[in-house]
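J.: my questions concern the predicted model and sequence given below.
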Amino acid sequence: MSTSALTHRIRVLAAAGHRHDEILTPAALDFVGSLAAAFDERRQELLKERRRQAIRLSAGSPLDFPLVTGAVRADPSWRVAPPAPGLRDRRVEITGPPDRRLAVNALNSGAAVWMADFEDATSPTWDNIVGGQLTLLDAIERRIDFTTPEGKEYRLREDGRLATIVVRPRGWHLTEEYLEWDGRPLPASLVDFGLYFFHCAQRQIDAGHGPYFYLPKLENRYEARLWNEVFVLAQDLLGIPRGTVRATVLIETVTAAFEMEEILYELREHSSGLNAGRWDYLFSLIKTFGHRTDFLLPDRPRVTMTAPFMRAYAQLLVRTCHRRGAHAIGGMAAHVPGKDPAADEAALATVRLDKEREAEDGFDGSWVAHPGLVPVCREVFDGVLGERPHQLDRTRDDVEVTAADLLSVRRVSGPPTPEGVRTDIAVALRYFDAWLRGQGAVALHGLMEDAATAEIARVQIWQWLRHRVIDRDTVLRLLDEEVAALGAAYPWAAVDDVRDLFERTALAQELPLFFTPDAYSRHLVRRAEVRS
Ligand SMILES: CC(=O)SCCNC(=O)CCNC(=O)[C@H](O)C(C)(C)COP(=O)(O)OP(=O)(O)OC[C@H]1O[C@@H](n2cnc3c(N)ncnc32)[C@H](O)[C@@H]1OP(=O)(O)O
Ligand SMILES: O=CC(=O)O
Ligand SMILES: [Mg+2]
């Protein structure tokens, strides 16, 4: 099928920005429209199923490995596709928003992969979304070099050791309000995936790599199946051979942890493994079981990857991947270096320990949030892998994980401390402020904060209030103080919007499933309309 035969009308509800016409071509929009026409109904159905499942679980339904897919798990014969060019050795992966400056730094960083992120690290302003696509296109075309007005040069290295690009589109729950199709907003996942695929898939193949993706926030195998069908149609529409796409799925919801094998199976001809997305995973645990006292978690820093339920999750992920020939990629240690040498040394030591545990567990590589952490991650994985590109041969038959192991949160439970409560409020407010101003990742007190970590902060407050381990008056007092501190530190901050967002997402009776959809349509879209 040629794209010129497609007829899906998409309206762009924004003023034309600089070079936007290079991305928002009629053919590219038509291509995205054809994906939406084929899959949006199913996406909406799956989102309804998410809500039904949440209700079942909060009503006390047990969560377990699905009975109906026992045969898939028991069948030892199937494998995922072999590693694609540029994805054989993934010992260090750097992540970040597709901003030009960060893109050059990430591609040059010495990491094997750059995960260009439209999800947790990006505030989805229209400029960020279209600008991110331009960044990717320019990076692949090798025309991204630039010099700042201050004279600092950003140039891609020429020794052929640039990181492989893997794009993370936004999750199924988000929409793109600036692109209207059939009278409704387009699914954001299909916009990010479709525009990148349309412009860059063939270019990436010509450059010796391919169209590679990270898939965020999946909750079950049906959502993986939907992605697989998107890949099949996208490849067919553009005449790209099936099986060219590769996708690594983030296991970052508690329900997906019970379907890791099924998710690999659904995507098997397009799968390039699983990643232990620990921050959203914690968020998901609290969100899913927020009503249960045995899921009451203490201050965020006390819940680390050494907690037994997090160990169980990580080790099950490695075992599942390696049985199927898939890469297992570790998660993000949130410490980032700053400007204080003593604090940096402590941050590096914490990251090293975390990466050592992952490498020993059998992970084939891991994530870092900052170029200053590439060397430590590389050193640790070099120490375990040596010349080998991965350790898929470590099948971890010794690992046995039960449903109870994944859910035995009680062993690290405990009340929050007063500093823990204040920190969560402060982090949520400061992150919301950055996000509303178009910045999706920030460093706060030496830690990387993004949408996933901010979600933890706000749901912890909600959960502690719900179980009355903190009282509302204390939270309101701390909120007043932290809003005032935010306004003093950043006089330009829209403190009323930030406070309102916090109140709606952390203090409401009903817990909103994500803070992003409502914040997006209330604040980002309106602001852009005012601007244009
Ligand atoms: C839970 C999850 O999903 S994790 C994945 C999603 N989150 C992320 O990807 C966050 C990635 N990290 C970042 O965005 C950034 O590191 C931040 C926002 C946390 C901190 O950024 P900064 O405040 O700019 O850090 P800092 O001042 O130390 O940066 C030093 C240099 O490193 C560069 N740098 C920092 N982080 C990155 C990165 N992730 N990729 C590429 N370059 C980076 C900066 O551009 C800067 O270089 P420059 O002087 O040439 O501009
Ligand atoms: O996306 C990664 C996470 O930890 O969340
Ligand atoms: Mg995440």
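T.: Thanks, I have the structure now. Ligands and ions are numbered 1, 2, ... in the order given.
J.: any chance you could map the helices in the stretch 351-500 of the chain?
T.: All helices of the stretch 351-500 of the chain, identified by DSSP state H, counting those that start in this stretch, fall at 374-385, 403-407, 418-436, 451-466, 472-489, 495-506.
J.: what's the closest of these to ligand 1?
T.: For ligand 1, the closest of the helices of the stretch 351-500 of the chain is helix 451-466, at 3.9 Å, according to C-beta to the nearest ligand atom. C-beta coordinates here come from the backbone N, C-alpha and C atoms, glycine included.
J.: let me see the contact set for Arg168.
T.: Arg168 is in contact with Met115, Ala116, Asp117, Phe118, Glu119, Phe213, Tyr214, Leu215, Pro216, counting by C-beta atoms under 8 Å, 6 or more residues apart in numbering.
J.: quick one: the closest residue to it other than its chain neighbours from Ala121, how far?
T.: Once flanking residues are discounted, Arg168 sits nearest to Tyr214: 3.9 Å by C-beta to C-beta, 6 or more residues apart in numbering. Using C-beta to C-beta, to the nearest Å, Tyr214 is found at 11 Å from Ala121.
J.: so which bits of this protein are right by ligand 2?
T.: Selection of the chain residues close to ligand 2 by C-beta under 6 Å from any ligand atom yields Asp120, Leu250, Glu252, Gly277, Arg278, Trp279, Asp280, Gly331, Met332, Ala452.
J.: tilt between whichever strand or helix holds the second one and helix 451-466?
T.: Translated: Leu250. Assignment of secondary structure by DSSP states H and E places Leu250 within strand 246-251. Our comparison of strand 246-251 with helix 451-466, counting by axes from the mean of the first three to the mean of the last three C-alpha atoms, to 10 degrees, yields an angle of 20 degrees.
J.: restricting to C-alpha, output stretch 363-376 in CSV.
T.: Output in CSV follows, covering the C-alpha atoms of stretch 363-376 (Å, rounded to 0.1, in the frame of the first residue of the first chain):
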residue,chain,number,x,y,z
PHE,A,363,21.4,-7.9,33.4
ASP,A,364,23.0,-7.2,30.1
GLY,A,365,23.3,-3.5,30.6
SER,A,366,21.7,-0.6,32.4
TRP,A,367,20.5,3.0,32.3
VAL,A,368,22.2,6.1,33.4
ALA,A,369,20.6,9.6,33.5
HIS,A,370,23.8,11.7,33.0
PRO,A,371,27.0,11.5,30.9
GLY,A,372,29.0,11.7,34.1
LEU,A,373,27.7,8.2,35.0
VAL,A,374,28.6,6.4,31.8
PRO,A,375,32.1,5.5,32.9
VAL,A,376,31.0,3.9,36.1
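J.: averaged pLDDT, it. What do you get?
T.: What stretch 363-376 shows for mean pLDDT is 97.
J.: can you tell if that stretch touches ligand 3?
T.: No. Contact of stretch 363-376 with ligand 3 (C-beta under 5 Å from the ion) is absent, the minimum separation being 10.3 Å.
J.: now do the helices in the stretch 101-250 of the chain.
T.: Under the criterion DSSP H, counting those that start in this stretch, the stretch 101-250 of the chain contains helices at 126-140, 188-206, 221-238.
J.: just checking, what packs against the first one?
T.: In other words, helix 126-140. helix 20-23, helix 100-108, strand 113-117, strand 164-168, strand 175-181, helix 188-206 (3 or more C-beta pairs under 8 Å, 6 or more residues apart in numbering; DSSP states H and E).
J.: now, of these, which is deepest in the fold?
T.: strand 113-117 (a mean of 27; mean count of other C-beta atoms under 10 Å).
J.: pull up the pairing partners for it, direction included.
T.: Paired strands of strand 113-117, with direction, are strand 92-96 (parallel), strand 164-168 (parallel) (DSSP bridges).
J.: those strands: which one's closest to ligand 3?
T.: Smallest distance to ligand 3 across the strands paired with strand 113-117 (C-beta to the ion): 8.6 Å, for strand 164-168.
J.: what's the distance between that closest one and the middle of its chain?
T.: Chain-centre distance of strand 164-168: 12 Å, with C-alpha atoms, centre = their mean, to the nearest Å.
J.: so what touches the host helix or strand of Asn275?
T.: Assigned by DSSP H and E, Asn275 falls within strand 271-276. With C-beta under 8 Å, 6+ apart as the test, strand 271-276 has contacts from 80-81, 83-84, 87, 212, 214, 246-252, 260, 263-264, 313-314, 317, 320-321, 324, 326-331, 363-364, 367.
J.: if you set the cut-off to 6 Å instead, what comes out?
T.: Contacts with strand 271-276, where a contact means C-beta atoms under 6 Å, 6 or more residues apart in numbering, come from 80, 87, 246, 248-251, 264, 314, 317, 321, 326-327, 329-331.
J.: cool, and stretch 224-234?
T.: Ala38, Phe39, Arg42, Phe197, Leu215, Leu218, Val245, Ile263, Glu266, Leu267, His270.
J.: and stretch 514-524, which residues are buried?
T.: Neighbour counts using 16 or more other C-beta atoms under 10 Å place Phe514, Phe515, Thr516, Ala519, Tyr520, His523, Leu524 of stretch 514-524 among the buried residues.
J.: and what of stretch 367-384?
T.: Within stretch 367-384, the residues that qualify as buried are 367-374, 376-378, 380-381, 384, counting by 16+ other C-beta under 10 Å.
J.: just confirm yes or no for stretch 314-332 near ligand 1.
T.: Yes. Against ligand 1, stretch 314-332 shows contacts by C-beta under 6 Å from any ligand atom at Met332.
J.: buried stuff in that stretch?
T.: By neighbour count with 16+ other C-beta under 10 Å, stretch 314-332 contains the buried residues 314-332.
J.: and stretch 77-91, by the same measure?
T.: Residues Val80, Ala81, Pro83, Ala84, Gly86, Leu87, Asp89, Arg90, Arg91 are the ones in stretch 77-91 that count as buried (16+ other C-beta under 10 Å).
J.: which residues touch that stretch?
T.: Contact partners of stretch 77-91, identified using C-beta under 6 Å, 6+ apart, comprise 112-113, 164, 208-210, 243, 246, 264, 268-269, 271-272, 324-327, 364-365, 381, 389.
J.: can you pull the contacts of His270?
T.: Applying C-beta under 6 Å, 6+ apart to His270 gives the contacts Phe231, Val245, Ala247.
J.: which of those are buried, as a PyMOL select command?
T.: Only the buried entries of the contacts of His270 go into this PyMOL selection, using 16+ other C-beta under 10 Å:
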select buried, resi 231+245+247
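J.: quick check: the closest residue to Arg100 other than its chain neighbours vs Arg458, distance?
T.: Excluding the flanking residues, the one nearest Arg100 by C-beta to C-beta, 6+ apart is Thr135, at 5.2 Å. Using C-beta to C-beta, Thr135 is found at 29 Å from Arg458.
J.: please say which of the two ends up with more neighbours.
T.: The residue with more neighbours, out of Thr135 and Arg458, is Arg458; 27 against 21, by other C-beta atoms under 10 Å.
J.: is the more buried one in contact with Ala506, as I believe?
T.: Yes. Between Arg458 and Ala506 there is a contact at 4.1 Å, judged by C-beta atoms under 6 Å.
J.: okay, now the closest residue to ligand 1 within the stretch 301-450 of the chain: neighbour count?
T.: Here the stretch 301-450 of the chain gets closest to ligand 1 at one residue, Ala441, 3.5 Å apart by C-beta to the nearest ligand atom. Residues lying near Ala441 (other C-beta under 10 Å) number 24.
J.: pLDDT at it, what is it?
T.: Note on Ala441: pLDDT of 98.
J.: now stretch 21-39: average pLDDT?
T.: The average of the pLDDT scores along stretch 21-39 is 97.
J.: for ligand 2, give me its nearest residue in the stretch 401-532 of the chain.
T.: Nearest residue of the stretch 401-532 of the chain to ligand 2: Ala452, at 3.5 Å (C-beta to the nearest ligand atom).
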